[in-house]
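S.K.: sequence first, then the predicted structure:
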Amino acid sequence: MISILYRFILACLFLPWLWAAAGAQNASFPELSSAVPGHNGITYLDLANMVAPVLAGTSPIKIRPISGEADDEAPPSTGDLSSAAVLDIKAGGGERLTMLFDLGQASDSAEGFAVLALYDLGSKPKLLDAVNVATDRSTFFREPARLSISAGDDAVVITSTHFNSNQGYVSTLLLMVRNDRFELVDTINTFDEHYCYKRTQDLAFKTLADGRRYAAIKATVTDATVPGEDCEGEQPKASSHKISVTYRWSKKASRYVPGSKAFERLSAENEKRF
């Protein structure tokens with residue numbers, strides 16, 4: 001399992017960010033044996049232990065893929081709950097806590113397996129939902145990880161990635177919580193190259209008040225190329241352009257709807273460069 005420090009380094013190296021949103025917040029990495037602030041006698045280990053029956057398949061709560069593309073998934077045979085990232089959020093006007101456990105490689109898959117758990121820390125802590133948010137080998141909260149979309153609701157941003165010496169593959173998952181269950185808004189795929197030149201695709205978010213139940217979310221990818229030296233043959237020219245999609249809440253569809261297919265086209269173009 002990739003360590004917390006390693007995931008942090010990955011985020012710093014491959015995910016430069018700029019968020020313009022009030023209330024944005026980073027995840028924390030407490031010792032599991034430490035007490036949850038404001039909840040005397042409850043530790044993060046107690047919360048982690050609520051996930052263990054889910055991993056073992058003995059809980060009524062099932063782990064489902066956040067993409068919704070498959071049935072409940074089996075976790076790795078040796079799940080590791082020795083560490084977790086923690087993020088407080090608002091959902092439905094209430095206070096909720098999320099914990100992200102990166103469990104390593106999934107069963108019969110080259111992808112990782114990462115459980116994002118949702119808790120209500122009322123008088124008696126309760127596990128509300130658990131989803132697999134891994135789409136690649138290493139999964140962690142993006143920084144910042146929380147985006148306010150209403151007075152009582154936050155969106156959550158997850159990164160799932162892998163890289164080699166010359167390429168970085170990044171999937172950014174934008175999620176919200178409704179009725180105490182995680183819902184996927186969208187997955188945005190970006191791709192970096194580091195050869196004798198450098199091409200990066202940096203993603204940023206901001207909210208736009210539009211009078212709807214939830215604020216609109218504008219996502220912008222800055223695709224920039226910086227020429228290098230000692231390249232054999234023709235190299236890309238210096239360039240920089242922005243690709244934006246605005247997600248607006250649709251009362252009729254009861255979900256966020258993207259304003260264009262620009263990110264789908266970007267993902268298809270990137271696949272040609274793999």
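M.R.: Noted; the coordinates are in hand. None of these values were measured; they are calculated from a predicted model.

S.K.: center of the protein - which residue?
M.R.: For the chain, the residue lying nearest the average C-alpha position, counting by Cα atoms, centre = their mean, turns out to be I158 (0.8 Å).

S.K.: OK, contacts around it?
M.R.: Contacts for I158 were tallied using Cβ atoms under 8 Å, 6 or more residues apart in numbering; they are 100, 114, 116, 133, 139-142, 145, 172-173, 175. The C-beta positions use only the backbone N, C-alpha and C, and glycine is treated the same way.

S.K.: give me that answer again for 6 Å
M.R.: For I158, the residues meeting the contact criterion (Cβ atoms under 6 Å, 6 or more residues apart in numbering) are 133, 173.

S.K.: could you measure from it over to S138?
M.R.: Noted for I158: a distance of 11 Å to S138, by Cβ to Cβ, to the nearest Å.

S.K.: likewise K126?
M.R.: With distances defined as Cβ to Cβ, the gap from K126 to S138 amounts to 29 Å.

S.K.: tell me the strands beside the helix or strand where V157 lies, with direction?
M.R.: When elements are defined using DSSP states H and E, V157 is found to belong to strand 153-163. Using DSSP bridges, the strands paired with strand 153-163 in its sheet are strand 138-150 (antiparallel), strand 167-178 (antiparallel).

S.K.: tell me the angle the helix or strand following the shortest one makes with strand 167-178.
M.R.: Just to be clear, that refers to strand 167-178. Once strand 167-178 ends, the next helix or strand along the chain (criterion: DSSP H and E) is strand 181-194. Taking axes from the mean of the first three to the mean of the last three Cα atoms, to 10 degrees, one finds that strand 181-194 is oriented at 160 degrees with respect to strand 167-178.

S.K.: perfect, that will be all.
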